[in-house]
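In: Below: sequence and its predicted model.
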Amino acid sequence: MSYVAIADQHAHLHDPQTFLTKYVWSQDHKVIAIQYMVTAMAIGLVAIVLSMMMRLQLGFPGTFHFINPSNYYQFVTMHGMIMVVYLLTALFLGGFGNYLIPLMCGARDMVFPYLNMVSYWVYLLAVLVLVASFFVPGGPTGAGWTLYPPQAILAGTPGADWGITLMLVSLAIFIVGFTMGGLNYVVTVLQARCRGMTLMRMPLSVWGIFMATILALLAFPALLVSAIMMALDNHLGTSFFMPALMSLGDPTVHKGGSPLLFQHLFWFFGHPEVYIVALPAFGIVSDLISVNARRHIFGYRMMVWAIVAIGVLSFVVWAHHMYVSGMNPYFGFFFATTTLIIAIPTALKVYNWVLTLWRGDVHLTVPMLFAIGFVFTFINGGLTGLFLGNVTVDVPLSDTYFVVAHFHMVMGVSPVLVVCGAIYHWYPKMTGRMTSVTLGKLHFWLTFLGTYAIFLPMHYLGILGLPRRYFAMGDTYFIPQSVQEMNAAISIAALFVAASQLIFLFNLAWSLKHGKPAGGNPWRATTLEWQTPDTPPRHGNWGPELPVVYRWAYEYGAPGYKDDFVPQNQPPDGRVAAKHG
Amino acid sequence: MAVETMSGHIAPAGVVEGLPGVVTDFSSDKQAFPVHWGKAMMWIFLLSDTFIFSCFLTSYMHVRMSTTVPWPNPSEVFALSLGGQPIPLILIAIMTFILISSSGTMAMAVNYGYRRNRARTTALMLITAGFGATFVGMQAFEWTKLILEEGIRPWGNPLGAAQFGASFFMITGFHGLHVSAGVIYLVVVALRVWRGDYERAGNYEVVEIAGLYWHFVDLVWVFIFAFFYLW
Ligand code: HEM
Ligand SMILES: [Cu+2]
């Protein structure tokens, strides 16, 4: 096996001089990561506020006069789109991907740091364009986050003048920016690992982020294409998606387009998108569980292959979102089958997490609480997914609150729990200080129990037949009065959950100055990012020499060592290669 | 030599047989692909771009098959009148020929690059860019003819299905943008070759990376040609 010191081949790192080049126009992956995280969380706050507005309306209809039906649609749309794309995708891939990949793989930086920097600024531009749509005449689009035509661009839909255009433009910009970053992440993992870091020794966090990035690079094209085609339908009067129809009493210019085509394109993106936010969460959670159970992850190879299998399968299940759209019944059969097949590698991962905890020396640290919370929530959401994956069960449940409950459990709450856990876990490395444990636990319990109070009852509402995306339910014979009371209770829980995120933000801000100094490796973890010579790591990460890896990432409790963990870069004879700092 | 396996035990290094061997080899602690970073990145970018064009082309097939209005006959629409005689597909045949020739000159440029022949590499790259520019120019001519003479618009046309013009302008336009970007890219790289940047760095791989992009754009054209003009 011939070996070149790959990661040091191109070691001309751009060295920052001034405050501006160090923290603003920085090419350091760690700074870019934090820029991504802060931006994503800022726009995520907007999404939370929007969900509160919706909950206020649903819980107490008629009380808040500033929310009208059009606003409600706009809130639903922007909330969904921001949460999925601008918060979670950006935070996991742009944030954690940037921070963890070079550190965990033992590289000095991403392979093309300049491109990486541009990626962030393009992302910021996408966010700004999105935010701008709140301030244009007509406001943001109210087409639902799925942006289905024909209604997305018809007059009468909120935001049909400007909102939808800005949304499409913003998505296109986002995709361009993401592609710049994503290419970097993939090539760094493939080509710039340090010596000894084989793919099968990489921490699962890197595996999850790596696979998710590949999914994103192959799934976003479908979204880009559909955005282009919809913009053309809107502004040039082409008829890709728009059938001939009457709008507000007049025939439109369109003729003979296919709305179903949009749905296919959208979900060819949309389903992998679910795994774009799920796979990094899977990976990170595996590491959090292993560190805090002081035990190697159960079935590492199985976990890797499961990530790969889920990634591949996620491209052949998209039409399970279209069971009620009118498809050939054989299609339904095919997509139901593939959907249920995906459950196998997913269930396997869940078993492995549980088996890792089994007889582990479980430390209930704050990140561990979030990780265990994730496993619970993900099982819950996954089980309802099995229901919805079956055509006959999905048909009556489709477009009800059962679906809202399902996807919030599986791709809302679960990844957010991981995001929080991961921030608590890596905050000491990013800042050199620990966060407050008391506040962290408070934040966890309020969030965890609160989200269950919000989303568990929604399953029941959905089985009653409560439709999603409704401003108000009105007097409908199958909706009993008690539903209103339940909605009010859900809304109150939602307010608590939102408020408890302030505890989180406060904790992060407060600990920056007042947190206990963390030292280099506060969790006593094996992976490389904890073995850097400085904390927070300097530009270039590793000092004069790159680390060399001798073992996998899960050497916990191995017999014959002084500590209950063995860092990946500790040579077999026990010398420690890089100094702890 | 002994290597430490995942679980920390010491095992003799050996050849792993069969499929597990492929995995072991591919995932060992070297670069997964024995190429320059930039080249790996270009490959992955092109994979992503392939998905973009595939989405465009499958969408085109979808609207073409689902529309109820007859599709214009490509041999008539894309015919050019030469000496009073309409010759089907003549313009597009020339365009395709030019683009494919440009792939040939590009391949030669890469070859001369590896032989460290600055002058020839530069010249061949500029010729390639010239072919590309000619292609874009002829495409502009074709568009003008379709728009002015045949009355084809993105939103409709007198010959049949409205989706004909829509998909035609969108897909050839998107491809034309790729070619134009490629022309600029080639010229920039060619000038750097001429200036001797890669001579000093001792590495002409940048020429090959530009070549990858260029061949990709040509390959995509073959598909567009087949699906639009021959179907
Ligand atoms: C504080 C926690 C949250 C609350 C209270 C909340 C509440 C809501 C509400 C009330 C709706 C609209 C239901 C309807 O009228 O159909 C909704 C829709 C949605 N939410 Fe959330 N949400 C939360 C977190 C999240 C997160 C973290 C995600 C990330 C994936 C998310 C993704 C979505 C999506 C995709 C939709 C569908 C939008 C649409 O129908 O177009 N939500 N949420
Ligand atoms: Cu799906």
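Out: Here it is on my side, so go on. Numbering: from 1, shown residues only, chains lettered A, B, ... in the order given. Ligands and ions are numbered 1, 2, ... in the order given.

In: Who are the packing partners of the longest helix seen in chain B?
Out: Identified as the longest helix of chain B according to DSSP state H is helix B:162-195. Helices and strands touching helix B:162-195, as assessed by 3 or more Cβ pairs under 8 Å, 6 or more residues apart in numbering or on different chains; DSSP states H and E, comprise helix A:204-235, helix B:37-66, helix B:90-114, helix B:118-148, helix B:205-225. Where C-beta positions appear, they are placed from N, C-alpha and C, glycine not excepted.

In: what does the shortest one contact?
Out: It stands for helix B:205-225. B:36, B:38-39, B:42-43, B:46, B:49-50, B:53, B:57, B:92, B:96, B:99-100, B:102-103, B:106-107, B:109-110, B:113-114, B:121, B:125, B:128, B:132, B:171-172, B:175, B:178-179, B:182, B:185-186, B:189, B:192-193, B:198 (Cβ atoms under 8 Å, 6 or more residues apart in numbering or on different chains).

In: wait, what's in contact with whatever residue of chain A ends up closest to chain B?
Out: Per Cβ to the nearest Cβ, residue A:199 is where chain A lies closest to chain B, at 3.3 Å. By Cβ under 8 Å, 6+ apart, the contact set of residue A:199 is A:193, B:26-28, B:32.

In: do you know how far it is from residue A:315?
Out: According to Cβ to Cβ, to the nearest Å, residue A:199 and residue A:315 sit 21 Å apart.

In: Now residue A:111: closest residue in space, sequence neighbours ignored.
Out: residue B:37 (4.5 Å; Cβ to Cβ, 6 or more residues apart in numbering or on different chains).

In: my read: the one you found touches residue A:112, true?
Out: Yes. The criterion here is Cβ atoms under 8 Å, and residue B:37 meets it with residue A:112 at 7.3 Å.

In: intersection of neighbour lists for these two?
Out: The contact sets of residue B:37 and residue A:112 overlap at residue A:187 (Cβ under 8 Å, 6+ apart).

In: Quick check, the residue in chain B closest to ligand 1?
Out: residue B:55 (22.2 Å; Cβ to the nearest ligand atom).

In: quick one, what contacts the closest residue to that residue other than its chain neighbours?
Out: Closest residue in space to residue B:55, ignoring its immediate chain neighbours: residue A:225 at 4.0 Å, by Cβ to Cβ, 6+ apart. By Cβ under 8 Å, 6+ apart, the contact list for residue A:225 reads A:265, B:52, B:55-56, B:59.

In: do residue A:416 as well
Out: Contacts of residue A:416 (Cβ under 8 Å, 6+ apart): A:88, A:447.

In: quick one: the strand or helix carrying it near ligand 1?
Out: Counting by DSSP states H and E, the element that carries residue A:416 is helix A:414-431. Yes. With Cβ under 6 Å from any ligand atom as the measure, helix A:414-431 is seen reaching ligand 1 through residue A:416.

In: So, low pLDDT: which residues of chain B?
Out: Where chain B drops to pLDDT under 70, the residues are B:1-15.

In: who's in contact with whichever residue of it sits closest to chain A?
Out: Nearest residue of chain B to chain A: residue B:27, at 3.3 Å (Cβ to the nearest Cβ). Residue B:27 is in contact with A:198-200, counting by Cβ under 8 Å, 6+ apart.

In: Next up, the contacts around residue 228.
Out: Looking at chain A here, since you left the chain open. Residue A:228 neighbours (Cβ under 8 Å, 6+ apart): A:172, B:170, B:174.

In: look at chain B instead
Out: Residue B:228 neighbours (Cβ under 8 Å, 6+ apart): B:60, B:74, B:168, B:171-172.

In: biggest separation within those residues, which pair?
Out: B:74 and B:171 (13.6 Å; Cβ to Cβ).

In: Which residue of those two possesses the greater neighbour count?
Out: Neighbours per residue (other Cβ atoms under 10 Å in any protein chain shown) separate residue B:74 from residue B:171, with residue B:171 holding more: 20 against 17.

In: Return the distance of the nearest residue to the more buried one once chain neighbours are set aside relative to residue A:147.
Out: Once flanking residues are discounted, residue B:171 sits nearest to residue B:56: 5.1 Å by Cβ to Cβ, 6+ apart. Look at residue B:56 and residue A:147: by Cβ to Cβ, they are 18 Å apart.

In: same check, this time on residue A:127
Out: Residue A:127 is 18 Å from residue A:147, by Cβ to Cβ.

In: same check, this time on residue A:66
Out: Residue A:66 is 25 Å from residue A:147, by Cβ to Cβ.

In: So the two - more neighbours on which side?
Out: residue A:147 (22 against 8).

In: what's the neighbour count on residue 18?
Out: Picked chain A for this. The number of residues packed near residue A:18 is 9, by other Cβ under 10 Å.

In: That was the other one, I meant chain B.
Out: Neighbour tally, residue B:18, other Cβ under 10 Å: 7.

In: With residue A:117 as the reference, measure out to it.
Out: 44 Å.

In: What of residue B:211?
Out: Using Cβ to Cβ, which is the criterion applied here, residue B:211 is 27 Å from residue A:117.

In: Then residue A:371?
Out: Distance from residue A:371 to residue A:117, by Cβ to Cβ: 32 Å.

In: more crowded one of these two?
Out: residue A:371 (28 against 23).

In: is it true that the more buried one touches residue A:418?
Out: Yes. Residue A:371 lies in contact with residue A:418 (Cβ under 8 Å); the separation is 7.3 Å.

In: Quick check: neighbours shared by those two?
Out: Joint contacts of residue A:371 and residue A:418 (Cβ under 8 Å, 6+ apart) are A:285, A:288.

In: pLDDT score for the residue of chain A closest to chain B?
Out: Residue A:199 carries a pLDDT score of 93 in this model.

In: Ok, residue A:578 next?
Out: At residue A:578, pLDDT is 46.

In: Looking at neighbours, which among the contacts of residue A:199 is most surrounded?
Out: Busiest of the contacts of residue A:199 [other Cβ under 10 Å] is residue A:193, holding 30 neighbours.

In: So that residue: helix, strand or coil?
Out: coil (DSSP: H, G, I helix; E, B strand; the rest coil).

In: Skipping adjacent residues, who's closest to it in space?
Out: That would be residue A:105: by Cβ to Cβ, 6+ apart, it lies 4.4 Å from residue A:193.

In: what sits against that neighbour?
Out: A:188-189, A:192-194, A:197, A:202, A:206, A:528.

In: So which of those is the closest to residue A:60?
Out: Nearest member of the contacts of residue A:105 to residue A:60, counting by Cβ to Cβ, is residue A:206, at 46.0 Å.
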